[in-house]
Structure formats: structure tokens, C-alpha cells
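K.L.:
the following comprises the amino acid sequence and a computationally predicted model.
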Amino acid sequence: MNYMAFAGVNNLQTGAIITTMPNFPVPAERGEAVEIAGRDGTVWKSEGSYDDISLVPTLYIPPEKIQVVRAWLTGEGELEFEQDAASYYKARISGGVEYTPLDFNAGYQASIPFECQPFRYVRSAPTVSITASGTVVINPHTVFSEPLIHIYGAGNGTMTIGGVTFTITNIVNGMLIDCEAKEAYSGAVALNDRMAGGFPVLAAGENTIIFSGGIGQVDIETRWRML
């Protein structure tokens, strides 16, 4: 039997049954097609980002389970399907869900409009500990990731990943660089003012990690993802 899990709850736990699985589209790349004088066709100029995707499974809900399902299918959370339980989508239900009653009090049918960020995130993606500048981290997937970088050290330092360099200043007990949220912090203290430069990504393939100054060790939560 098909299953999905949303926000940590499996549909089988609620009594709901998936009657139609969603399509799984590849997200559209953002950019524009540019015409160049004297050149046939167009040239695609990518923005390096992707649109959200919609996943719409259809459920059958027994009549005695309708309140449980209505309470479950709200808000946002991780969305996983049986076809690929090793990965998940970051999903939300931002529109209303219509629960259509079936004849003879036989239950309800509903199409669930999940709006998902464009990537599938790898479950149990590794954290890589690096103590030597020049270490290479290999992204085995075909799309870049936006890692969480734990920097251990004090004072000032410089770090380069994949050609993107940033500096940190006046650090006491290390810091975290969240490349997805574009935030630098230590505990509850924001430290964006002590970081200068871009937030790096881990590109598909090899990524050389270079650091100097007061940086003694770097742990990288890789956050691998796929289209």
C-alpha cells in the first residue's frame, strides 16, 4: 500500500489511504532566453535558482478519521513518499483542502495541495569534519547544496569554498554559518556583522575547503539535495 509521511506522521497512522500518487515534476530553472544579433536561436541566461513544485496526492479518508486527518494536514513540514524514502521535500499546505463527502456516508476524498521547495533533501546527509586546509569534499549529487558550517576557533580568519571567500572577525568560541538562511550566529547571538563575503555552496563534484588564521577546524553539515 502506498504511503506518505508529512510532518512526522504517516498516512497509515491516521487511517487515510492514498488513492492517487502525485506526479513528481522536475522544477523549472529560473532565467531568461536572450536573443543575440547574428546568432541562431536564443541563449539561456540562468539565475542559478529554481521554482517551487506542486505535489498533489489524493486520499480516501474513512468517516471516523476525518477530524484526525484535518488536524494533520495543515502547516508545513517534511514530506516523504514510499517511492524514495531516502529523501524528503520541504513542503507546506498554504491553500485550503477540500474534503468531498462520498455517497452513503462512505467517507471523504481529498486532493492535498503540497507546495514544495524545488529540491529533494537527502536523509542522513553526512557531516564532514575538516582539520586540514586544502581538504576536498565531494558532492555526489547533481545540484549544489547550501551547507551549515561549524567553525571552531577564535580571533580572525578567512575561508574559501568553491571560489567563494568570506572572512570572520573577533570570534571568541567559533560560530555557525548557515548558507541556506544566510545567517551567521553563535547560540542565540547573531554574528552577521562579524562575517564579510558571500555564503558558499557545495557544488556538484569536488569542493576544496581552504581556511587560515584563527580557524582551527571546520565541520560541514552537507545538506545534500537532488532535483
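P.N.:
Structure's in. What do you need?
K.L.:
from here on, just use CA atoms for contacts and neighbour counts.
P.N.:
OK.
K.L.:
domain parsing for the protein?
P.N.:
As given by automatic domain parsing, the domain ranges for the chain are 4-121, 127-226.
K.L.:
any chance of JSON lines for these, columns mean pLDDT and mean neighbour count?
P.N.:
Listed next are the domains of the chain as JSON lines, based on pLDDT from 0 to 100; neighbours: other Cα atoms under 10 Å:
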{"stretch": "domain 4-121", "mean pLDDT": "93", "mean neighbour count": "16"}
{"stretch": "domain 127-226", "mean pLDDT": "96", "mean neighbour count": "17"}
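K.L.:
check contacts around Ile220.
P.N.:
By Cα atoms under 8 Å, 6 or more residues apart in numbering, Ile220 lies in contact with Thr127, Val128, Ser129, Ile130, Pro147, Leu148, Ile149, His150.
K.L.:
how about Ala204?
P.N.:
Contact analysis of Ala204 by Cα under 8 Å, 6+ apart lists Ile138, Asn139, Pro140, His141, Thr142, Val143, Phe144.
K.L.:
can we see that at 10 Å?
P.N.:
Ala204 sits next to Ile138, Asn139, Pro140, His141, Thr142, Val143, Phe144, Ser145, Trp224 when contact means Cα atoms under 10 Å, 6 or more residues apart in numbering.
K.L.:
nearest to Ile66, of those residues?
P.N.:
Of all the contacts of Ala204, Trp224 has the smallest distance to Ile66: 36.2 Å, by Cα to Cα.
K.L.:
for the closest one, give its distance to Val128.
P.N.:
12 Å (Cα to Cα, to the nearest Å).
K.L.:
need the contact partners of stretch 1-9.
P.N.:
By Cα under 10 Å, 6+ apart, stretch 1-9 touches 10-13, 16-21, 57, 72-83, 85, 88-92, 114.
K.L.:
could you rerun that using 6 Å?
P.N.:
For stretch 1-9, contacts defined as Cα atoms under 6 Å, 6 or more residues apart in numbering pick out Asn10, Asn11, Gly77, Glu78, Leu79, Glu80, Phe81, Glu82.
K.L.:
state the distance from the residue of the chain positioned farthest from its centre to Glu206.
P.N.:
The outermost residue of the chain, judged against the average C-alpha position, is Phe104 (42.6 Å), by Cα atoms, centre = their mean. Noted for Phe104: a distance of 60 Å to Glu206, by Cα to Cα.
K.L.:
identify the farthest-apart pair in the contacts of stretch 1-9.
P.N.:
Maximum pairwise distance in those, criterion Cα to Cα, is 16.5 Å, between Gly77 and Glu82.
K.L.:
just the element for Tyr121, please.
P.N.:
strand 114-122 (DSSP states H and E).
K.L.:
what lines up beside that strand in the sheet?
P.N.:
Strand pairing for strand 114-122, determined by DSSP bridges: strand 53-55 (antiparallel), strand 87-93 (antiparallel), strand 225-226 (antiparallel).
K.L.:
next, format these as CSV and append distance to Thr169.
P.N.:
Shown next, in CSV, are the strands paired with strand 114-122 (distance: least, Cα to Cα, whole Å):
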stretch, distance to Thr169
strand 53-55, 39
strand 87-93, 33
strand 225-226, 31
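K.L.:
hmm, back to that, now the contacts of Ile220 in CSV, with secondary structure?
P.N.:
Formatted as CSV, these follow (DSSP: H, G, I helix; E, B strand; the rest coil):
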residue, secondary structure
Thr127, strand
Val128, strand
Ser129, strand
Ile130, strand
Pro147, coil
Leu148, strand
Ile149, strand
His150, strand
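K.L.:
format those as JSON lines; extra columns: distance to Ile61.
P.N.:
Output for these, formatted as JSON lines (distance: Cα to Cα, whole Å):
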{"residue": "Thr127", "distance to Ile61": "40"}
{"residue": "Val128", "distance to Ile61": "43"}
{"residue": "Ser129", "distance to Ile61": "46"}
{"residue": "Ile130", "distance to Ile61": "50"}
{"residue": "Pro147", "distance to Ile61": "39"}
{"residue": "Leu148", "distance to Ile61": "39"}
{"residue": "Ile149", "distance to Ile61": "43"}
{"residue": "His150", "distance to Ile61": "45"}
